[in-house]
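**Student:** the following block contains a protein sequence and its predicted model.
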Amino acid sequence: MPLQAHYVLGHTSVEQQRLIRQARVLAPLTERFLRDAGISPGMRVLDIGCGMGDVTMIAAQCVGTAGHVTSIDLDQASIETAQRRAAAFGFENTSFHRAGIAEYLPSNPFDAIIGRLVLQFIPDPIAIIKRLYGMLRPGGILALQEPTWKLWLTYSAHLPLRLSVTKVAHDAFQAGGASTEMEQQLYQGFIACGLHAPQLRVELPLGNSPEIRSLLPDLLAALMPNIIAKGLTIGHLGDLNTLKDRLDQELDTENSFASYVALIGAFAHK
Ligand SMILES: C[S@@+](CC[C@H](N)C(=O)[O-])C[C@H]1O[C@@H](n2cnc3c(N)ncnc32)[C@H](O)[C@@H]1O
């Protein structure tokens with residue numbers, strides 16, 4: 001019995017590799033956020049929706065060998081890959097378990113609970129934030145990073161092809177039941193827990209490296225089964241086999257740079 005019937009990005013090995021490439025670009029944003037939130041040596045941390053384990057490994061560095069990161073994901077193959085990667089990178093202070101966020105029951109409260117790009121896929125994120133709050137010790141830290149697409153769309157406004165592709169990806173997420181603007185839900189979730197002054201941060205990935213340029217066509221490819229299933233219009237994007245080259249040409253012609261989905265972060269102490 002699957003823990004979740006539908007997940008818009010799927011759990012294929014191609015998607016696993018895409019998540020790892022995406023995580024390389026997002027790593028500095030998440031490390032800054034977690035350190036700012038106070039994730040520090042010796043802490044016992046829970047990482048929700050760990051995927052390939054990239055956020056887990058950043059947290060494992062922050063907590064050091066005296067600390068520990070427990071990670072959950074609803075997908076068994078992701079858990080196995082994350083476990084393998086953490087071991088290959090030498091992180092002995094991590095453990096991985098298959099569990100859905102709505103069902104997971106820890107035996108002890110955590111010093112901190114973190115997560116990146118996961119509550120956006122959950123129908124009632126505010127209820128889940130309240131559930132996570134219940135798993136924290138008094139004084140513990142809740143630190144969550146979720147997407148906000150409006151900055152990305154704005155930063156693509158002068159690039160017609162890039163904007164069109166970004167809009168299709170945006171619509172595919174929404175058609176697949178995922179939220180694309182999480183700032184209100186995050187804020188309201190913290191308030192519902194009685195955390196009346198969450199610290200808020202937003203950071204937009206920008207740059208012109210091959211890695212950041214590739215994230216958008218990569219994401220579109222990952223969303224393609226859902227785009228087809230939902231009958232979204234893509235004819236205006238032209239030949240998909242040449243899309244990546246045309247996106248690069250547009251950046252070169254405009255002498256401009258690429259952006260990607262911004263991360264809105266909220267953190268507070270219980
Ligand atoms: C976009 S990936 C992000 C992975 C990782 N946090 C990162 O930022 O690289 C979302 C992950 O959340 C997991 N996920 C989605 N819904 C979940 C749920 N209800 N419980 C646990 N994991 C979930 C998916 O299986 C997937 O691995």
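**Tutor:** Now that the structure is in, tell me what you want to look at.

**Student:** just the helices in this protein please.
**Tutor:** 13-37, 54-63, 76-88, 125-134, 150-155, 160-175, 183-192, 210-229, 243-253 (DSSP state H).

**Student:** what sits up against the third one?
**Tutor:** By CB atoms under 8 Å, 6 or more residues apart in numbering, the list of residues contacting helix 76-88 from outside reads 11, 13, 16, 50-53, 56-57, 60, 71, 73, 94, 96-98. Where C-beta positions appear, they are placed from N, C-alpha and C, glycine not excepted.

**Student:** go with 10 Å
**Tutor:** 3, 11-13, 15-17, 19-20, 47, 49-57, 60, 69, 71-73, 75, 91-99 (CB atoms under 10 Å, 6 or more residues apart in numbering).

**Student:** among those residues, name the buried ones.
**Tutor:** Among those, the ones that count as buried by 16 or more other CB atoms under 10 Å are 3, 11, 15-16, 19, 47, 49-57, 60, 69, 71-73, 75, 91, 93-94, 96, 99.

**Student:** and the helices of the chain, which is most packed in?
**Tutor:** Each of these was scored by mean neighbour count; the highest is helix 54-63, a mean of 24, by mean count of other CB atoms under 10 Å.

**Student:** and that one, how far from the chain's centre?
**Tutor:** Distance of helix 54-63 from the chain centroid (CA atoms, centre = their mean, to the nearest Å) equals 14 Å.

**Student:** mind giving me the packing neighbours of it?
**Tutor:** On a contact count with 3 or more CB pairs under 10 Å, 6 or more residues apart in numbering; DSSP states H and E, helix 54-63 meets helix 13-37, strand 44-48, strand 68-73, helix 76-88, strand 94-98, strand 110-116.

**Student:** list every C-alpha atom in that helix, with coordinates, as CSV.
**Tutor:** Output of helix 54-63 as CSV, limited to C-alpha atoms (Å, rounded to 0.1, in the frame of the first residue of the first chain):
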residue,chain,number,x,y,z
ASP,A,54,21.2,16.3,0.5
VAL,A,55,19.6,18.3,3.3
THR,A,56,20.4,15.5,5.7
MET,A,57,24.1,15.7,4.9
ILE,A,58,24.2,19.5,5.3
ALA,A,59,22.5,19.1,8.7
ALA,A,60,24.8,16.3,9.6
GLN,A,61,27.8,18.6,9.0
CYS,A,62,26.1,21.3,11.3
VAL,A,63,25.5,18.9,14.2
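
**Student:** could you check the angle helix 13-37 makes with it?
**Tutor:** Per axes from the mean of the first three to the mean of the last three CA atoms, to 10 degrees, the angle that helix 54-63 makes with helix 13-37 is 30 degrees.

**Student:** which residue packs closest to residue 97, ignoring adjacent ones?
**Tutor:** Excluding its sequence neighbours, the residue lying closest to residue 97 (CB to CB, 6 or more residues apart in numbering) is residue 72, at 5.3 Å.

**Student:** now residue 99
**Tutor:** Leaving aside its chain neighbours, residue 99 sits nearest to residue 72 (4.3 Å; criterion: CB to CB, 6+ apart).

**Student:** over to residue 137?
**Tutor:** residue 109 (4.1 Å).

**Student:** measure the one you found to residue 46 for me?
**Tutor:** To residue 46, residue 109 is 10 Å away according to CB to CB, to the nearest Å.

**Student:** in the stretch 51-200 of the chain, what residue lies closest to the ligand?
**Tutor:** Closest to the ligand within the stretch 51-200 of the chain is residue 51: 2.6 Å, counting by CB to the nearest ligand atom.

**Student:** at the contact with the ligand, which residues of this protein appear?
**Tutor:** Counting by CB under 6 Å from any ligand atom, the chain comes close to the ligand at 4, 7, 9, 19, 23, 49-51, 54-55, 72-75, 78, 100-102, 116-118, 121-122.

**Student:** ok so, going back, would a markdown table of the helices and strands packed on helix 54-63 with mean pLDDT and distance to residue 255 be doable?
**Tutor:** A markdown table is the format used below for the helices and strands packed on helix 54-63 (pLDDT from 0 to 100; distance: least, CB to CB, whole Å):
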| stretch | mean pLDDT | distance to residue 255 |
| --- | --- | --- |
| helix 13-37 | 96 | 21 |
| strand 44-48 | 98 | 39 |
| strand 68-73 | 98 | 41 |
| helix 76-88 | 97 | 37 |
| strand 94-98 | 98 | 43 |
| strand 110-116 | 98 | 32 |
